[in-house]
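>>> 3D, please:
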Amino acid sequence: MGIEDTSDSRSESGSAGALSSYFGFDEHGTDLRTEIVAGLTTFLTMSYIVVVNPQILAQAINLQGYTTSQTQSMLAVVTLISAAVATLVMAFYANRPFAQAPGLGLNAFFAFTVVLGMGVAWQTALAAVVVEGVIFIALTAVGAREYVIRIFPEPVKLAVGTGIGLFLAIIGLEAMGIITGDAGTIVALAQIGQSPVAIVSIVGLFVTFALYARGIPGSIIVGILFTSGLGYGAEWFGLVPAGTLTPSSTQATYNIAPLAGAFVTGLGNVEAISFALIVFTFFFVDFFDTAGTLTGVSQIAGFLDENGDLPDIDKPLMADAIGTTVGGMLGTSTVTTYIESASGVEEGGRTGMTALTVAFLFVAALAFIPLAAAIPMYASHIALVVIGVVMFQNVVDIDWSDITNVVPAGMTILLMPFAFSIAYGIAAGIVSYPIVKLAAGEVEDTRPGHWALAAAFVVYFFVRTSGMLQGSV
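Below you'll find the model as predicted:
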């Protein structure tokens with residue numbers, strides 16, 4: 001009896017010791033239990049993407065012979081696989097406690113701007129994701145990160161998060177039946193009192209906000225499940241007719257063959273100018289969202305050096321780039337590092353073991369794919385409003401006392417929701433930056449790259465809105 005206990009103890013100690021040695025627990029002042037708890041916390045806070053990403057992309061991806069719920073379940077599988085791959089690379093290559101998955105904002109850009117707005121085939125949009133990932137890999141491999149950062153105006157970079165937040169919020173509020181289009185005011189409050197979807201959505205939204213404010217791990221996914229339960233319950237008790245608050249079909253499938261490799265077809269249907277803008281926008285948002293998230297979370301973890309930089313940042317950037325490339329090949333939008341990683345860091349996560357735990361949980365979540373197909377759209381889009389509101393915090397980083405920052409930042413933020421395009425918001429900010437700097441007599445703050453990008457976007461805006469590309473995308 002005593003011998004067996006000692007053997008088990010040595011076995012456990014050996015496994016823990018190997019992990020401790022590989023990830024450097026002692027060096028980072030952590031242990032196995034802390035890392036696992038941190039990974040679980042991170043997973044819970046970002047798990048909403050398993051439901052939300054498929055629902056957003058399924059609005060743009062139409063697979064012949066498959067129902068919407070089957071398409072959503074395929075996308076859920078791809079979401080989980082791409083998130084697991086990227087996070088595994090983060091764990092073993094970068095040894096950082098950061099988790100990755102297809103990003104909110106970029107999936108909305110993919111669906112609503114590129115496919116539904118510009119009329120680009122979804123296969124071509126996936127091809128743009130793959131190309132962006134390959135470019136990201138190449139630039140990271142040659143250490144060109146600092147050059148890329150310098151070429152983009154600072155106020156535009158700082159404004160992108162807030163603009164995307166507004167963009168996400170308006171999409172979410174419309175899906176929840178809270179706002180609607182109106183001929184007189186363009187956007188108006190919907191007839192909430194007459195809409196069961198809106199009533200249930202509002203209750204779910206404020207419950208989710210309350211959970212989030214309490215700092216409860218997994219508050220968003222809990223809110224989504226709670227709101228879905230209200231909808232199913234209302235129909236069960238006969239408060240509304242069947243099918244009012246629940247999906248018409250909840251069929252699920254694990255077969256991702258119709259999605260995997262679809263980007264190859266897309267590469268054969270490319271219109272150069274529009275495709276270049278799509279790739280540029282994917283890259284811009286992915287690159288700076290990832291760099292900003294890595295810096296912010298690293299600050300919490302104490303990873304930054306005396307200059308405020310993250311040592312070996314190219315490694316987590318490479319994990320992001322690989323995840324994006326794999327995700328695009330499998331059939332999902334751009335993968336990025338999640339700010340929710342901060343929740344795991346606050347729990348003490350300091351090494352790749354935290355990321356490894358998250359990756360394992362992503363794989364385990366494959367067992368719950370049928371549940372994702374049963375979530376109503378209005379319930380899943382609560383996440384867009386909550387995350388959108390939280391992203392407004394980014395606006396405080398902008399120097400609003402300087403008009404040469406106010407104009408490009410303001411244009412970036414305003415154009416995203418009003419033009420319903422992340423790309424147009426970024427472009428408007430980039431075009432306005434060198435112009436106001438020149439007018440203010442601060443041309444020394446500009447670089448040749450600023451003027452080149454601005455000129456390129458002026459040409460694009462003209463070509464895109466003049467009808468010259470009509471029928472070519």
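>>> so for the closest residue to Ala111 other than its chain neighbours, what's the pLDDT?
Distances taken as CB to CB, 6 or more residues apart in numbering place Ala60 nearest to Ala111, at 3.8 Å, with adjacent residues excluded. Quick note: C-beta positions are derived from backbone N, CA and C, even for glycine. We have a pLDDT of 96 for Ala60.
>>> pLDDT weak spots in the protein?
Along the chain, the parts satisfying pLDDT under 70 run over 1-15, 464, 467-473.
>>> in it, which spans are strands?
100-102, 179-182, 186-189, 335-337 (DSSP state E).
>>> out of those, nearest to Pro408?
Pro408 lies closest to strand 335-337 among those, at 22.9 Å (CB to CB).
>>> what's in contact with that closest one?
82-83, 86, 90, 98-103, 106, 286, 289-290, 293-294, 297, 316, 320, 323-324, 326-327 (CB atoms under 8 Å, 6 or more residues apart in numbering).
>>> isn't Met377 right next to Val52, touching?
No. Counting by CB atoms under 8 Å, Val52 is not a contact partner of Met377; they are 9.6 Å apart.
>>> for Glu154, what are its contacts?
Asn405.
>>> one more time with 10 Å
Asp397, Ile398, Asp399, Asn405, Pro408, Ala409, Tyr433, Asp445 (CB atoms under 10 Å, 6 or more residues apart in numbering).
>>> ok, of those residues, which come out buried?
Neighbour counting by 16 or more other CB atoms under 10 Å classes Ile398, Asn405, Pro408, Ala409, Tyr433 among the contacts of Glu154 as buried.
>>> and the furthest pair within the residues you listed?
Maximum distance among the buried ones among the contacts of Glu154 (CB to CB): 12.6 Å, for Ile398 and Tyr433.
>>> got any residues that touch both of the two?
With CB under 10 Å, 6+ apart, Ile398 and Tyr433 have common neighbours Glu154, Pro155, Val156, Asn405, Pro408, Ala409, Thr412.
>>> which one of these is nearest Thr351?
Distances from Thr351 to the shared contacts of Ile398 and Tyr433, taken by CB to CB, are shortest for Glu154, at 32.0 Å.
>>> any idea how far Ala409 is from that closest one?
Distance, Glu154 to Ala409, by CB to CB, to the nearest Å: 9 Å.
>>> any residues in contact with both of those two?
Going by CB under 10 Å, 6+ apart, residues that sit against Glu154 and also against Ala409 are Asp397, Ile398, Asp399, Tyr433.
>>> contacting residues for the last one?
In this structure, Tyr433 makes contact with 152-156, 404-405, 407-409, 411-412, 445-446, 450-451, 453-454, judged by CB under 10 Å, 6+ apart.
>>> restricted to helices, list the residues you listed.
The helices, defined by DSSP state H, take in 154-156, 404-405, 407-409, 411-412, 450-451, 453-454 from these.
>>> list only those of those residues flagged as buried.
154-156, 404-405, 407-409, 411-412, 450-451, 453-454.
>>> re earlier: possible to save the ones in helices among the contacts of Tyr433 as CSV with distance to Gly223?
Putting the ones in helices among the contacts of Tyr433 into CSV (distance: CB to CB, whole Å) gives the following:
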residue, distance to Gly223
Glu154, 35
Pro155, 33
Val156, 32
Thr404, 40
Asn405, 35
Val407, 37
Pro408, 35
Ala409, 31
Met411, 33
Thr412, 29
His450, 42
Trp451, 46
Leu453, 40
Ala454, 42
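>>> out of these, give me the two with the largest separation.
Checking the ones in helices among the contacts of Tyr433 with CB to CB, the most distant pair is Ala409 and Trp451, at 18.7 Å.
>>> next, Gly218: phi, psi?
phi 80, psi 20 (degrees, to the nearest 10).
>>> and it, how many neighbours?
Neighbour count of Gly218, defined by other CB atoms under 10 Å: 19.
>>> so who does it touch?
With the criterion set at CB under 10 Å, 6+ apart, Gly218 makes contact with Leu40, Thr41, Phe43, Leu44, Thr45, Met46, Ser47, Tyr48, Leu211, Ile224, Leu225, Ser343.
>>> residues contacting the last one?
Ser343 makes contact with 38, 41-46, 99, 215, 217-218, 297, 300, 349 under the criterion CB under 10 Å, 6+ apart.
>>> identify each buried residue in stretch 417-427, please.
Pro417, Ala419, Phe420, Ser421, Ile422, Ala423, Tyr424, Gly425, Ile426, Ala427.
>>> so where's the longest helix in this protein?
helix 272-301.
>>> reformat the contacts of Gly218 as JSON lines; add distance to Leu173.
Below are these laid out as JSON lines (distance: CB to CB, whole Å):
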{"residue": "Leu40", "distance to Leu173": "31"}
{"residue": "Thr41", "distance to Leu173": "29"}
{"residue": "Phe43", "distance to Leu173": "27"}
{"residue": "Leu44", "distance to Leu173": "25"}
{"residue": "Thr45", "distance to Leu173": "22"}
{"residue": "Met46", "distance to Leu173": "22"}
{"residue": "Ser47", "distance to Leu173": "22"}
{"residue": "Tyr48", "distance to Leu173": "17"}
{"residue": "Leu211", "distance to Leu173": "19"}
{"residue": "Ile224", "distance to Leu173": "16"}
{"residue": "Leu225", "distance to Leu173": "20"}
{"residue": "Ser343", "distance to Leu173": "25"}
